[in-house]
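Peer 1: okay, predicted coordinates and the sequence, questions at the end:
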Amino acid sequence: MKTIDVCLTPDLMHLYSVADRSVVVVDIFRATSCMVTALANGVASISPFAKLDDCLAMKTQGYDTAGERDGKKVDGFDHGNSPFEYMVDEMKGKRLAFTTTNGTQAIAKSLGAREIIIGSFLNLSAVAVHLKDSGNNILIVCAGWKGKFNLEDTLFAGALVDLLEGDYVPECDSPIAAKHLYLSARNDMKAFLSNASHVKRLAKLNVFKDIEFCLTVDVYNVVPILRDGVLTA
């Protein structure tokens, strides 16, 4: 039977081989939630960049620049990191160059995988169906916060492990732990995360509605996949 594993922070990626795996990158608050929302609402493509300067340079090639550092929109960028920014008609057909504090770093560290897909609660079931069809071993990479563990990404990992139970077996203890964490939180994830570090960080920036939206399950039926450095639905 195929295996599933969870990397709880990108700083642990040196422990994993990705060559035979489908890697699911998740950054619930808010990078991967934004990417899923953008592609579901008509954005043509998203090119993720780990470095700010590389992202900003894409303006000269007709891209809109998007992303954040420390939760704040970057000066000189066209868009920030709220999913609501990507629901407007003006975004349809645009090509985005995207960089964030954690999410795009996790994507960069996952390169070399059999495939890299973008996960969020917003497209949870679509991701699960895609993974079952792929038949690959799975690694869920939690973006965390600057190399540290966070709760919200681990909750998503646990939700995906739970959905795939019976089709995949845990490779070590982290998928088991993530699943138990999710099962204890699933009835009210917003309350469970009320004291989470990134929730508090966003609250200081007066970001509230994004949190509730990013914890909503199965809003979209899209699976962003990275091909040749570009994410498309």
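Peer 2: Noted; the coordinates are in hand.
Peer 1: from now on I want contacts and neighbour counts done on CA atoms only, so please keep to that.
Peer 2: Fine.
Peer 1: confirm N81 sits in a strand?
Peer 2: No - using DSSP: H, G, I helix; E, B strand; the rest coil, the assignment for N81 is coil, not a strand.
Peer 1: quick one, phi psi at the residue lying closest to it once chain neighbours are set aside?
Peer 2: The shortest distance from N81 to any non-neighbouring residue, by C-alpha to C-alpha, 6 or more residues apart in numbering, is to G67 (5.2 Å). When read as degrees, to the nearest 10, the backbone of G67 gives phi 140, psi -170.
Peer 1: past the helix or strand that A66 is a member of, which element shows up next along the chain?
Peer 2: Element membership of A66, judged by DSSP states H and E, is strand 64-69. Once strand 64-69 ends, the next helix or strand along the chain (criterion: DSSP H and E) is strand 72-73.
Peer 1: after that next one, next one along is what?
Peer 2: Downstream of strand 72-73, the first helix or strand assigned by DSSP H and E is strand 95-99.
Peer 1: so that next one versus strand 64-69, what angle?
Peer 2: 20 degrees (axes from the mean of the first three to the mean of the last three C-alpha atoms, to 10 degrees).
Peer 1: heads up, I number from 7, so please use that
Peer 2: All right, first residue 7 from here; so that's strand 101-105.
Peer 1: what pairs with strand 101-105, parallel or antiparallel?
Peer 2: Using DSSP bridges, strand 101-105 pairs in its sheet with strand 51-54 (parallel), strand 70-75 (parallel).
Peer 1: still on that earlier bit, what's near enough to touch the residue nearest to N87?
Peer 2: Neighbour list for G73: A37, K79, V80, F83, H85, G86, N87, F104, T105, T106 [criterion: C-alpha atoms under 8 Å, 6 or more residues apart in numbering].
Peer 1: so what's it bridging to?
Peer 2: The residues listed as beta-bridge partners of G73 by DSSP bridges are T105.
Peer 1: distance of it from Y174?
Peer 2: Separation of G73 from Y174 (C-alpha to C-alpha, to the nearest Å) stands at 34 Å.
Peer 1: same thing with D139?
Peer 2: Going from D139 to Y174 by C-alpha to C-alpha gives 12 Å.
Peer 1: could you report the distance from the residue located most distally from the centre of the chain to A202?
Peer 2: Distance from the C-alpha centroid of the chain, by C-alpha atoms, centre = their mean, peaks at T66 (26.7 Å). To A202, T66 is 39 Å away according to C-alpha to C-alpha.
Peer 1: so Y226 touches L128, yeah?
Peer 2: Yes - proximity of Y226 to L128 meets the contact threshold set by C-alpha atoms under 8 Å, at 5.8 Å.
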